[in-house]
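Chemist: Sequence below, structure please.
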Amino acid sequence: MPGDEKTRLTQPRPVRDSISEMAEIVLPNDANPLNALLGGRLMHWIDLAGAMAAHRHSRQWVVTASIDHLDFLVPVRVGDLCILRSSVNRAFRTSMEVGVKVWVENYRAEEKRHVSSAYLTFVAIDEQGNRLIVPPVIPETADEKRRYEGAARRREIRRAESARRTQVRG
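Modeler: Numbering: from 1, shown residues only. I've put the predicted structure just below:
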(Lines give C-alpha, C1' and ligand atoms only; values in the text may rest on other atoms or scores of the structure.)
Protein backbone atom coordinates (compact mmCIF):
# COMPACT_ATOMS: atom_id res chain seq x y z
CA MET A 1 0.00 0.00 0.00
CA PRO A 2 1.56 3.34 -1.01
CA GLY A 3 2.58 5.64 1.86
CA ASP A 4 -0.04 8.34 1.16
CA GLU A 5 -2.83 5.76 1.07
CA LYS A 6 -1.66 4.15 4.32
CA THR A 7 -1.47 7.57 5.99
CA ARG A 8 -4.98 8.43 4.80
CA LEU A 9 -6.38 5.15 6.12
CA THR A 10 -4.81 5.52 9.58
CA GLN A 11 -5.61 9.20 10.27
CA PRO A 12 -7.62 9.60 13.51
CA ARG A 13 -11.35 10.07 12.90
CA PRO A 14 -14.13 11.44 15.08
CA VAL A 15 -16.87 9.08 16.25
CA ARG A 16 -19.41 11.06 14.20
CA ASP A 17 -17.80 9.81 10.98
CA SER A 18 -18.79 6.24 11.87
CA ILE A 19 -22.39 6.83 12.97
CA SER A 20 -24.76 4.62 10.99
CA GLU A 21 -28.47 4.06 11.17
CA MET A 22 -30.68 1.49 9.54
CA ALA A 23 -34.37 0.73 9.75
CA GLU A 24 -36.24 -2.49 9.09
CA ILE A 25 -39.96 -3.11 8.95
CA VAL A 26 -40.70 -6.39 10.70
CA LEU A 27 -42.44 -8.65 8.19
CA PRO A 28 -44.12 -12.03 8.78
CA ASN A 29 -41.02 -13.82 7.45
CA ASP A 30 -38.98 -12.17 10.25
CA ALA A 31 -41.27 -13.44 13.01
CA ASN A 32 -42.02 -16.52 15.07
CA PRO A 33 -45.52 -18.08 15.40
CA LEU A 34 -46.36 -15.47 18.06
CA ASN A 35 -45.77 -12.65 15.51
CA ALA A 36 -42.69 -11.48 17.42
CA LEU A 37 -39.36 -10.77 15.75
CA LEU A 38 -36.99 -13.75 15.76
CA GLY A 39 -33.97 -13.18 18.00
CA GLY A 40 -31.65 -14.47 15.29
CA ARG A 41 -33.00 -11.96 12.79
CA LEU A 42 -32.39 -9.13 15.26
CA MET A 43 -28.85 -10.43 15.86
CA HIS A 44 -28.29 -10.40 12.08
CA TRP A 45 -29.48 -6.80 11.85
CA ILE A 46 -27.26 -5.82 14.81
CA ASP A 47 -24.26 -7.39 13.05
CA LEU A 48 -25.04 -5.48 9.83
CA ALA A 49 -25.51 -2.17 11.65
CA GLY A 50 -22.24 -2.70 13.52
CA ALA A 51 -20.38 -3.57 10.33
CA MET A 52 -21.60 -0.36 8.67
CA ALA A 53 -20.04 1.74 11.45
CA ALA A 54 -16.80 -0.28 11.37
CA HIS A 55 -16.59 0.08 7.56
CA ARG A 56 -17.17 3.82 7.78
CA HIS A 57 -14.48 4.24 10.42
CA SER A 58 -11.79 1.96 8.99
CA ARG A 59 -12.60 2.37 5.29
CA GLN A 60 -11.62 -1.28 5.00
CA TRP A 61 -13.33 -4.63 4.87
CA VAL A 62 -14.23 -5.85 8.34
CA VAL A 63 -15.22 -9.12 9.94
CA THR A 64 -17.05 -9.73 13.20
CA ALA A 65 -14.71 -11.06 15.88
CA SER A 66 -17.14 -11.13 18.81
CA ILE A 67 -20.40 -9.91 20.22
CA ASP A 68 -20.92 -9.30 23.91
CA HIS A 69 -23.93 -10.28 25.97
CA LEU A 70 -27.28 -9.56 24.32
CA ASP A 71 -30.63 -9.12 26.06
CA PHE A 72 -34.00 -8.75 24.36
CA LEU A 73 -35.84 -6.23 26.53
CA VAL A 74 -39.20 -5.89 24.79
CA PRO A 75 -40.87 -7.85 21.99
CA VAL A 76 -40.91 -6.46 18.47
CA ARG A 77 -44.08 -7.30 16.54
CA VAL A 78 -44.87 -7.79 12.88
CA GLY A 79 -45.52 -4.36 11.39
CA ASP A 80 -43.24 -2.53 13.85
CA LEU A 81 -40.29 -0.49 12.66
CA CYS A 82 -36.92 -1.54 14.06
CA ILE A 83 -34.33 1.27 14.26
CA LEU A 84 -30.64 0.37 14.73
CA ARG A 85 -28.01 3.02 15.41
CA SER A 86 -24.30 2.22 15.59
CA SER A 87 -20.95 3.94 16.03
CA VAL A 88 -17.36 3.00 16.77
CA ASN A 89 -16.67 3.47 20.49
CA ARG A 90 -12.92 2.87 20.34
CA ALA A 91 -10.30 1.56 17.97
CA PHE A 92 -7.36 -0.53 19.08
CA ARG A 93 -4.54 -1.64 16.76
CA THR A 94 -6.52 -3.76 14.28
CA SER A 95 -9.87 -4.04 16.03
CA MET A 96 -12.75 -1.72 16.85
CA GLU A 97 -15.49 -1.89 19.43
CA VAL A 98 -18.82 -0.85 17.95
CA GLY A 99 -21.91 -0.09 20.00
CA VAL A 100 -25.33 -0.81 18.52
CA LYS A 101 -28.57 0.35 20.10
CA VAL A 102 -31.94 -0.91 18.87
CA TRP A 103 -35.37 0.66 19.27
CA VAL A 104 -38.78 -0.50 18.19
CA GLU A 105 -41.07 2.14 16.84
CA ASN A 106 -44.79 1.56 16.61
CA TYR A 107 -45.54 4.47 14.32
CA ARG A 108 -49.31 3.96 14.56
CA ALA A 109 -49.25 4.24 18.36
CA GLU A 110 -46.47 6.87 18.25
CA GLU A 111 -44.44 4.76 20.68
CA LYS A 112 -40.69 4.11 20.72
CA ARG A 113 -39.02 1.63 23.11
CA HIS A 114 -35.49 0.37 23.70
CA VAL A 115 -35.19 -3.24 22.50
CA SER A 116 -31.53 -4.15 22.88
CA SER A 117 -27.96 -2.87 23.02
CA ALA A 118 -24.83 -4.73 22.02
CA TYR A 119 -21.09 -4.27 21.81
CA LEU A 120 -19.37 -5.97 18.88
CA THR A 121 -15.71 -6.27 18.00
CA PHE A 122 -14.76 -5.98 14.34
CA VAL A 123 -11.35 -6.53 12.76
CA ALA A 124 -10.23 -4.79 9.57
CA ILE A 125 -8.77 -7.15 6.96
CA ASP A 126 -7.29 -7.10 3.48
CA GLU A 127 -8.14 -9.34 0.50
CA GLN A 128 -6.05 -12.20 1.94
CA GLY A 129 -7.67 -11.97 5.38
CA ASN A 130 -4.66 -10.30 7.01
CA ARG A 131 -5.38 -7.83 9.80
CA LEU A 132 -4.99 -4.15 9.00
CA ILE A 133 -4.22 -1.24 11.30
CA VAL A 134 -7.27 0.92 11.95
CA PRO A 135 -7.30 4.65 12.71
CA PRO A 136 -7.75 5.88 16.26
CA VAL A 137 -11.14 7.26 17.32
CA ILE A 138 -11.55 10.84 18.48
CA PRO A 139 -14.37 11.04 21.04
CA GLU A 140 -15.79 14.58 21.15
CA THR A 141 -18.92 14.59 23.32
CA ALA A 142 -19.23 13.55 26.97
CA ASP A 143 -21.22 10.46 25.92
CA GLU A 144 -18.59 9.49 23.32
CA LYS A 145 -15.83 9.90 25.93
CA ARG A 146 -17.78 7.72 28.39
CA ARG A 147 -18.20 4.99 25.74
CA TYR A 148 -14.52 5.33 24.75
CA GLU A 149 -13.37 4.71 28.33
CA GLY A 150 -15.92 1.91 28.77
CA ALA A 151 -14.58 0.18 25.67
CA ALA A 152 -11.15 -0.17 27.27
CA ARG A 153 -12.70 -1.77 30.38
CA ARG A 154 -14.85 -4.12 28.29
CA ARG A 155 -11.79 -5.13 26.25
CA GLU A 156 -9.95 -6.14 29.43
CA ILE A 157 -12.98 -8.17 30.54
CA ARG A 158 -13.13 -9.91 27.13
CA ARG A 159 -9.41 -10.70 27.30
CA ALA A 160 -9.69 -12.09 30.83
CA GLU A 161 -12.67 -14.24 29.82
CA SER A 162 -10.79 -15.51 26.76
CA ALA A 163 -7.77 -16.41 28.92
CA ARG A 164 -10.07 -18.21 31.38
CA ARG A 165 -11.66 -20.25 28.56
CA THR A 166 -8.21 -21.14 27.22
CA GLN A 167 -7.13 -22.40 30.65
CA VAL A 168 -10.28 -24.50 31.01
CA ARG A 169 -9.71 -26.13 27.60
CA GLY A 170 -5.95 -26.59 28.14
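
Chemist: just the helices in the protein please.
Modeler: Applying DSSP state H to the chain gives helices spanning 3-10, 39-58, 142-169.

Chemist: Most tightly packed of the ones you listed?
Modeler: helix 39-58 (a mean of 20; mean count of other CB atoms under 10 Å). (Glycine included, C-beta is placed from N, CA and C.)

Chemist: helices or strands up against the longest strand seen in the chain?
Modeler: Identified as the longest strand of the chain according to DSSP state E is strand 111-125. With contacts taken as 3 or more CB pairs under 8 Å, 6 or more residues apart in numbering; DSSP states H and E, strand 111-125 sits against helix 39-58, strand 61-67, strand 81-91, strand 95-106, helix 142-169.

Chemist: could you redo these as TSV and give each row distance to Pro136?
Modeler: Listed next are the helices and strands packed on strand 111-125 as TSV, based on distance: least, CB to CB, whole Å:
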stretch	distance to Pro136
helix 39-58	10
strand 61-67	16
strand 81-91	5
strand 95-106	10
helix 142-169	10
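
Chemist: who touches stretch 40-58?
Modeler: Around stretch 40-58, the neighbours that count as contacts under CB atoms under 8 Å, 6 or more residues apart in numbering are 9, 13, 17-22, 24, 30, 61-62, 64, 67, 70, 72, 76, 82, 84-88, 91, 96, 98, 100, 102, 115-116, 118, 120, 122, 124, 132, 134-135, 137.

Chemist: what distance separates it from the centre of its chain?
Modeler: Mean C-alpha position of stretch 40-58 versus that of the full chain (CA atoms, centre = their mean, to the nearest Å) differs by 5 Å.

Chemist: Which residue is the nearest non-sequential neighbour of Pro28?
Modeler: Val78 (5.6 Å; CB to CB, 6 or more residues apart in numbering).

Chemist: Tell me the spacing between the nearest residue to Arg154 once chain neighbours are set aside and Arg90.
Modeler: Distance criterion CB to CB, 6+ apart; nearest residue to Arg154, sequence neighbours excluded, is Tyr119 at 6.0 Å. Separation of Tyr119 from Arg90 (CB to CB, to the nearest Å): 10 Å.

Chemist: list residues touching both of the two?
Modeler: What both Tyr119 and Arg90 touch, as defined by CB under 8 Å, 6+ apart, is the set 97, 151.

Chemist: In space, what's closest to Arg77 - neighbours in sequence excluded?
Modeler: Using CB to CB, 6+ apart, the closest residue to Arg77 is Asn35 (5.6 Å).
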